[in-house]
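K.L.:
for reference, the sequence and a predicted model appear below.
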Amino acid sequence: MSTAVATAPVTTTRQEVEDLIHAYVQCIDDDRLEEWPDFFTDDCVYRVVPRENADAGLPVAVMYCDSKGMLRDRIVALRKANIYAPHFYRHLVSNTRVLGEQGGVIRAQTNYGVFQTLLDGETRVYNTGKYVDQIVRVNGQLRFKEKVCVFDTYRIQTLMVTPI
Amino acid sequence: MSTAVATAPVTTTRQEVEDLIHAYVQCIDDDRLEEWPDFFTDDCVYRVVPRENADAGLPVAVMYCDSKGMLRDRIVALRKANIYAPHFYRHLVSNTRVLGEQGGVIRAQTNYGVFQTLLDGETRVYNTGKYVDQIVRVNGQLRFKEKVCVFDTYRIQTLMVTPI
Amino acid sequence: MSTAVATAPVTTTRQEVEDLIHAYVQCIDDDRLEEWPDFFTDDCVYRVVPRENADAGLPVAVMYCDSKGMLRDRIVALRKANIYAPHFYRHLVSNTRVLGEQGGVIRAQTNYGVFQTLLDGETRVYNTGKYVDQIVRVNGQLRFKEKVCVFDTYRIQTLMVTPI
Amino acid sequence: MDARVKRTGGLIWPEEGVSSAVPYGVFTEQAVYDEEQARIYRGPTWNFIGLAAEVPNPGDFKTTYVGDTPVVMTRDDTGAIHAWVNRCAHRGALVCRELRGNNAAGTYTCVYHQWSFDAAGDLVGVPFRRGLGGKGGYPADFDLKAHGLRKLRVEDYHGVVFATFDANMPGVQDYLGAGGAMDAHLQRIFKDREIEVIGHARQYIPSNWKFYAENTKDPYHASLLHLFHMTFGLYRSSQVGGVKITNGWHTVLFSRSGTDSEAALADTKQSQLRTYQADTYTLDDPSLLRGRQGEWDDDVTLVIMSLMPSLVIQQIQNTLAVRQILPKGRDAFELVWTYFGYKTDDEELRNIRLKQINLIGPAGLISMEDGESSVICQQAVVRDQNDWSCIEMGGRDVQDADHLVTETTIRAFWDHYRALMGY
Amino acid sequence: MDARVKRTGGLIWPEEGVSSAVPYGVFTEQAVYDEEQARIYRGPTWNFIGLAAEVPNPGDFKTTYVGDTPVVMTRDDTGAIHAWVNRCAHRGALVCRELRGNNAAGTYTCVYHQWSFDAAGDLVGVPFRRGLGGKGGYPADFDLKAHGLRKLRVEDYHGVVFATFDANMPGVQDYLGAGGAMDAHLQRIFKDREIEVIGHARQYIPSNWKFYAENTKDPYHASLLHLFHMTFGLYRSSQVGGVKITNGWHTVLFSRSGTDSEAALADTKQSQLRTYQADTYTLDDPSLLRGRQGEWDDDVTLVIMSLMPSLVIQQIQNTLAVRQILPKGRDAFELVWTYFGYKTDDEELRNIRLKQINLIGPAGLISMEDGESSVICQQAVVRDQNDWSCIEMGGRDVQDADHLVTETTIRAFWDHYRALMGY
Amino acid sequence: MDARVKRTGGLIWPEEGVSSAVPYGVFTEQAVYDEEQARIYRGPTWNFIGLAAEVPNPGDFKTTYVGDTPVVMTRDDTGAIHAWVNRCAHRGALVCRELRGNNAAGTYTCVYHQWSFDAAGDLVGVPFRRGLGGKGGYPADFDLKAHGLRKLRVEDYHGVVFATFDANMPGVQDYLGAGGAMDAHLQRIFKDREIEVIGHARQYIPSNWKFYAENTKDPYHASLLHLFHMTFGLYRSSQVGGVKITNGWHTVLFSRSGTDSEAALADTKQSQLRTYQADTYTLDDPSLLRGRQGEWDDDVTLVIMSLMPSLVIQQIQNTLAVRQILPKGRDAFELVWTYFGYKTDDEELRNIRLKQINLIGPAGLISMEDGESSVICQQAVVRDQNDWSCIEMGGRDVQDADHLVTETTIRAFWDHYRALMGY
Ligand code: FES
Ligand code: FES
Ligand code: FES
Ligand SMILES: [Fe+3]
Ligand SMILES: [Fe+3]
Ligand SMILES: [Fe+3]
């Protein structure tokens, strides 16, 4: 890659980050949720934060996991424990921007929209917001060290069970 | 291209596939539908499949064309024959992923959302889903050999006439 | 960059235009509106045009600024003068296409969707359309010489104050 | 005509027995809609709830609606089909929350407090009935038998399953007219045939369900709205065909391709219709229309059976489908398509059926236009609840016809509708 | 005040003749809304349907509404303008399904069964009238003349086109007050001028249409809501201006920039208002406000004509527009802007008009705030249908004023509204 | 049971005093909803409007609702808390248009005409009151005092703030039952504790608010709907716990983890419940459940206080939250969560509270299921307004219980509801 990196580092990096995010999103939308935790590092932090709190500087997140184990537990609960309306997501992501890289940690930001379809077959705007990510390389693979989803749609329709 | 290809084959390919899909989508949104069939090979397959059937392994598609001629007939009918409410589409596509290449056939997957505006000037979420594409090179140009649109929004609002 | 440019000029350019548009959109969505005018040249033209007029060849735009000063005045008014419901935008942009380059002016087209959230915390499809841009280089930076937002959603919900 | 005021919705109707006009308020008034739910969908009618082939195995179930009441159709381990209102007898939750599936255990357990019911809707289990550790629990006189789900009567007629809220209904065959045209045509498609469901499609149409009822009973529009019908002769008012009415409001509409009488065709050409472009309009790939000839030996190429209030059965060329009409309020309905073929289909024939869905379905080059026509009617009748439509093609009476230039079938519908509604 | 109960919506109104207070239920009750459609929009009123310049040529048409009834405005080949309800006389479909266009053939054909009507709304053709090959067809006594579209009376007054459902209305000029202020100001803009439509804009506002009616008749708010008006003196309550009332509820509001009386301006400054920052608030590019002076020799720089129930005509600096108010239910209305200039405009003047739309339109630095004020009123009056507003600025009576510190025009509106509604 | 017809919504109720059944129409009829707003939310009830800690400083304000009426809660510069209807006394606009903020000036100025009010809701300023330059202005007898905002009575009870429209209400402590279980449990959490708001969350749930009221008063469902409760013993019907009822319809539900009686646990295991998988279901990272033990010395690990009509206060393990229930029509309500801790929290404890929100909130592994259960009830009761639910767990009477196998608390709710509504 050296050449490419030399000639257009940012471009390349944006490409890579997009590849990561695209794979992440497809994994959720294709309902391969068991693979979802693998996009994170073992000591990851995953937070889904209402913009209402983010703007007010309040710490409450509706989902807050500080280990890959907790991510797995979320999925096991979704599969075996929780009661909610069957549904599927469709993510549209856009304008991924690499904000910087320091000590091997890449900071990136991406807009997303999640469109939810319930069994009635209607699709609704369920959740829009931005990903604020810290990404690292683990054996050559990019992984989320921290992923914060700050969502605009702080009036959640009924409930949230599937990760964003 | 050799250098670029050598240095970052996947990246380049994703670029190209995105270019194809972007051109395809723009063609529809700009209402240049007469050009739409030219994005396909002569012996193409185009299917628009409700997720309800795809998940159940049932073959029914709401649109199913197995030749470029049938694609043309769709457009002629839309222009000259069919009665429906005037409208326009706005596609947003995202996370195109190249899944593999074999025997000159590139398999790719892309999320899409179609936002429809009727003459009242209101825009609604009309159809979200994913493109599952098989793409080949015809005189250096990428073309769809097979395009399957699996759509989440299986409760179709009124009708579907414009291709997805 | 020469190598990259040499090897894949279009790709590279699309990258750059996307970088510009992504930065532009993020600036609005992050409510850093004071920086928004800086994405334009001093003698810029910014027009937000209902598709109803564009299709009929009528010149009326709901926003029409022909100088960077007018863009600044829009933001000052939004901050200090105007009365409207507090809200935020989330842009999703897609299929940026570079249509050509002539005399240093790059013509590009991009689909966008703006999702608006009011204080009730609900997110609605507020405005979809396409950017038709003329872009130039100012001290190595890409800037909008002309930006025309042709919007499908010509029935505007209540009012428009934040730029698209 | 004279007119008489009717209470519900304050509508003014033509005098008794005149069905060639209807006040538009019947499509807009909430009071009318609510009364329809009581007097029609829960009244003396058999409502389509599915094909037996949708629940082939013991434990299979499907959720659907009768009118706008959610119901579940189940098959128990004896193979019998049941239907019950999808509302728990405890505190009202939906008992069944998927579109369809198989319930191996054979019991349907409400998620809220885990009351469980069998396939027939009888209550078979209640957690903590006797309390825990001697505390709490249900009263001693609590009787499981008194807390079953609300059951509907069900009949599987040649694989087409109907349900009714009315305990005193005659059987389905009597309901649709034993030995009549509807019965004959239904048997023509279903009797002794093993069918196979090949897929579904759904349209949500912002229009009153009765506009669509009119549409499916309307031989007049088929030539005039649908260019594909008229130009390619899939259906033409000039063809040999007709309409048959059974038990008041069920109707069968049929025609044979390529049988246009010279005289009728001549008259048609004279009319200079948008939809008739036989000489100029062609297909680039005619394979769409190249179906399999003579699948039935009667050469009938199009049949539309309108089995009120909630079912349309179609054969158009080689496409077979049932359409379920689900009212969703005074100004919307959902149309649920279930396509099927026969177990005996060869691959080519199966592919023909799949291809012809390009003609008939939500994106059907023909049928999409029926959705649109329903919508533009609803949009136009926002006011003038007491203006009347004009349903006089083919006369003002109600009777079978050996031609397709009539609205008699629509008059039949309104006639019977008024009787059921007490108008 | 005394109060009297009124039946519709159970609202309690101030005693007869007192218009300085209104029960908020008038903005929220469905029964009130429905009665308005009958007594106002279909009652003794002339409703704006478009500018003659929108249908310049024979065959041109435009779809719009009177109240919430869809209507079509057409120009026939003699040049005459017609209007009819957009509902087919056969079975109720929309006859015309585009926003606007030209119908070369001159006939309007319903897509459903191809009944065709001429520009005046008369039925001119019916397919298969005599049947096909001797079968079917309409009854012998079927009379085309009896099945025309529902027509409205139309009048083109100096290029502004109005329609009414009321056969007995006097002409438009009498309706708005012959020789009165409204008539004079309308003629000032339109009489003997060739206008050119330069574009449209639409706002959908979740508010009752009457909140916007109050707003456009309200000289009081203009200085206090709109910083741009007040700070840049486009409009100031301290300027020379006034309000004129004609035929009960039509009102004209006008002012002249740069004519502020010392005393009034001094009082204004004292009030310490958010909207008055003349000394501190400046524009980076003042070209926005640099219009063309003296386009009219009377130096009137702002005129808002509120021509009830559905039209606002404006001149603000050099922007010219008509605003059509379309009620969309008790809690929403659509505002349709049509901007125009004169055929005689030079390029610079035309560009000025286009630029000033930044001030007045859906994104107008001034007018956006009128949309917002309507919405926050609707949001606030969800309950307390019988609490009253307070409309006492400038007194409690109804009369013309030579100043802008009054709500007399709003009182005039309610006065007349109550008369029409029988409150 | 006997039954008696009730006028509103035409519902048929069980005979007087029987609360073990409710007609489903109470969840669907608009007339019932409107009457609730008048008789309950604006009737003899104290409605939660916020925590005092949400408006800690003079000038702080917060917009919220009482029922579906928009109100504002303010703190004036003396530190007193006020509440008033958020509707301008002039012409009805929302006075306050943000969620929350600080109003340094201390005056609330309506944007429409800049009438300004103080924190208590009194009118303190009106622009152009005496006109401008001697013209216009308000009548001489115009009295500021007569045009204040509509005020509610407010009481700050240990930092929990309530408001009422009813002037004659006893104090909050009497309302919830002085010295009773509710009072004791509320004080246990709030009395003499400095709390700190750590964030908010909102759910919009398409269900009638009373389905959620039943849910929060329902010890029966907690073990049977929530696997996490049952499997991990956060709550189990077999634990030591109980329910207490005060002043008719306020209820407290509490339990202690790890106190399951052998007998009760044995009965539970026998029941073979989906939600009980103690032996097989484990967490990969148990830190979620590793809270801080003994934060309170009574070892109560779960308390749900349902303080009618609009508040739930919870302590579940170490999560502390108030939930405000805001009806949004007959078929929707909003649930507003406000999470808090104590100023004295160490960092670890604060983090525990944040982490346990994974259990209790819009995405709570437990509480998400309460939202879902409310929705599926609403979806199931579209028709059959006069079918009855069955609320007989733990008997048919209303009394405190020392166990959790009962619905007596729900019966208490309906009992009191009927009294207030006159059913
Ligand atoms: S509602 Fe079904 S078990 Fe309680
Ligand atoms: S509805 Fe217009 S022609 Fe039949
Ligand atoms: S409405 Fe509040 S000041 Fe006029
Ligand atoms: Fe048809
Ligand atoms: Fe204004
Ligand atoms: Fe619960």
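P.N.:
Looks like it came in fine. Numbering: from 1, shown residues only, chains lettered A, B, ... in the order given. Ligands and ions are numbered 1, 2, ... in the order given.

K.L.:
in PDB, list the C-alpha atoms belonging to stretch A:24-31.
P.N.:
C-alpha atoms of stretch A:24-31 as PDB (Å, rounded to 0.1, in the frame of the first residue of the first chain):
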ATOM      1  CA  TYR A  24     -20.600  -2.900  10.600                       C
ATOM      2  CA  VAL A  25     -23.800  -1.600   9.300                       C
ATOM      3  CA  GLN A  26     -24.400  -4.500   6.900                       C
ATOM      4  CA  CYS A  27     -23.800  -6.900   9.700                       C
ATOM      5  CA  ILE A  28     -26.700  -5.300  11.700                       C
ATOM      6  CA  ASP A  29     -29.000  -4.900   8.700                       C
ATOM      7  CA  ASP A  30     -28.500  -8.500   7.600                       C
ATOM      8  CA  ASP A  31     -29.300  -9.600  11.100                       C
END
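
K.L.:
would that stretch count as contacting chain B?
P.N.:
Yes. Stretch A:24-31 is in contact with chain B by Cβ under 8 Å from any Cβ of the partner chain, via A:25-26, A:29. For the C-beta atoms, the positions are set from N, CA and C on the backbone; glycine is no exception.

K.L.:
with pLDDT and neighbour count added, can I get these in a markdown table?
P.N.:
Shown next, in a markdown table, are the residues of stretch A:24-31 next to chain B (pLDDT from 0 to 100; neighbours: other Cβ atoms under 10 Å in any protein chain shown):
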| residue | pLDDT | neighbour count |
| --- | --- | --- |
| A:V25 | 97 | 25 |
| A:Q26 | 96 | 19 |
| A:D29 | 98 | 23 |
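
K.L.:
closest to D:A178 among these?
P.N.:
Using Cβ to Cβ, the shortest approach to D:A178 within the residues of stretch A:24-31 next to chain B belongs to A:D29, at 51.9 Å.

K.L.:
for that closest one, grab phi and psi.
P.N.:
Main-chain torsions, A:D29, degrees, to the nearest 10: phi -70, psi -30.

K.L.:
show me the strands in chain A, by range?
P.N.:
A:40-50, A:63-65, A:87-102, A:105-118, A:123-138, A:141-151, A:155-157 (DSSP state E).

K.L.:
what would those strands look like in TSV with mean pLDDT, distance to chain F and mean neighbour count?
P.N.:
What follows is the strands of chain A, written out as TSV (pLDDT from 0 to 100; distance: least, Cβ to the nearest Cβ, whole Å; neighbours: other Cβ atoms under 10 Å in any protein chain shown):
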stretch	mean pLDDT	distance to chain F	mean neighbour count
strand A:40-50	98	6	20
strand A:63-65	98	5	24
strand A:87-102	95	11	19
strand A:105-118	97	10	22
strand A:123-138	97	11	21
strand A:141-151	97	11	20
strand A:155-157	98	4	23
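
K.L.:
out of these, which comes closest to D:R274?
P.N.:
Comparing those by Cβ to Cβ, strand A:123-138 comes nearest, at 34.6 Å.

K.L.:
where does the stretch 1-150 of chain D get nearest to ligand 3, residue-wise?
P.N.:
Using Cβ to the nearest ligand atom, D:Q30 is the residue of the stretch 1-150 of chain D that sits closest to ligand 3, at 34.1 Å.

K.L.:
so who does the closest residue to chain F within chain A touch?
P.N.:
As assessed by Cβ to the nearest Cβ, chain F sits closest to A:V60 within chain A, at 2.3 Å. Neighbouring residues of A:V60 by Cβ atoms under 8 Å, 6 or more residues apart in numbering or on different chains: A:49-50, A:53, F:198-201, F:339, F:354, F:357.
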